[in-house]
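Asker: pasting a predicted model and its sequence here:
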Amino acid sequence: QVQLVESGGGLVQAGGSLRLSCAASRLTFSSYVMSWFRQAPGKEREFVAAITWSDLNTYYTDSVKGRFTISRDNAKNRVYLQMNRLKPEDTAVYYCAAGRLMSRTTRDYDYWGQGTQVTVSS
């Protein structure tokens, strides 16, 4: 069974940084687009960033451009999200997801992790 396991969340002050990691197992990792989504309390899950498997193109939601960086290591079956200059509005549970095509829509993803909490204090 495919597993995606996120780590690296925590509590940080505004302006600080965190690095999230997602480890994939039992997945042909290099064949999937890997993405990060987040869900704040009372809100829908939203797209944050994605990275393709072949040409390593990256995509971001506007609110994180210039602050977050997504990367992947196909040899280690891992995807990362470096988050800098964090803001209180970045507070959410962050989810790793794997899909066959680049998409900003949750329904287009085949596999999901359990999520990791990121809390940014003001």
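Answerer: It's in. Numbers count the residues shown, from 1 in each chain.
Asker: just the C-alphas of stretch 114-122, formatted as CSV.
Answerer: Extracted in CSV, the C-alpha atoms of stretch 114-122 (Å, rounded to 0.1, in the frame of the first residue of the first chain):
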residue,chain,number,x,y,z
GLN,A,114,-1.9,12.2,7.0
GLY,A,115,-0.8,15.8,7.4
THR,A,116,1.5,17.8,9.6
GLN,A,117,0.4,20.9,11.6
VAL,A,118,2.1,24.2,11.0
THR,A,119,1.3,27.0,13.5
VAL,A,120,2.6,30.5,13.0
SER,A,121,2.3,32.8,16.0
SER,A,122,2.1,36.6,15.6
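Asker: in that stretch, what counts as buried?
Answerer: For stretch 114-122, a neighbour-count test (16 or more other CB atoms under 10 Å) marks Gly115, Thr116, Val118, Val120 as buried. In short, each C-beta sits where N, CA and C put it, glycine included.
Asker: could I get those residues as CSV with distance to Arg26?
Answerer: Below are the buried residues of stretch 114-122 laid out as CSV (distance: CB to CB, whole Å):
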residue, distance to Arg26
Gly115, 19
Thr116, 20
Val118, 26
Val120, 33
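Asker: tell me the one among those nearest to Gly99.
Answerer: Nearest to Gly99 out of the buried residues of stretch 114-122 is Gly115 (CB to CB; 16.7 Å).
Asker: wait, isn't that closest one in contact with Ala97?
Answerer: No - applying CB atoms under 8 Å, one finds Gly115 not in contact with Ala97, separated by 10.4 Å.
Asker: what about stretch 112-122, how long is it end to end?
Answerer: Terminal residues of stretch 112-122 lie 30 Å apart, using CA to CA, to the nearest Å.
Asker: contacts for it?
Answerer: Stretch 112-122 has contacts (CB atoms under 8 Å, 6 or more residues apart in numbering) with 3-14, 16, 18, 20, 22, 38-39, 83, 86-97.
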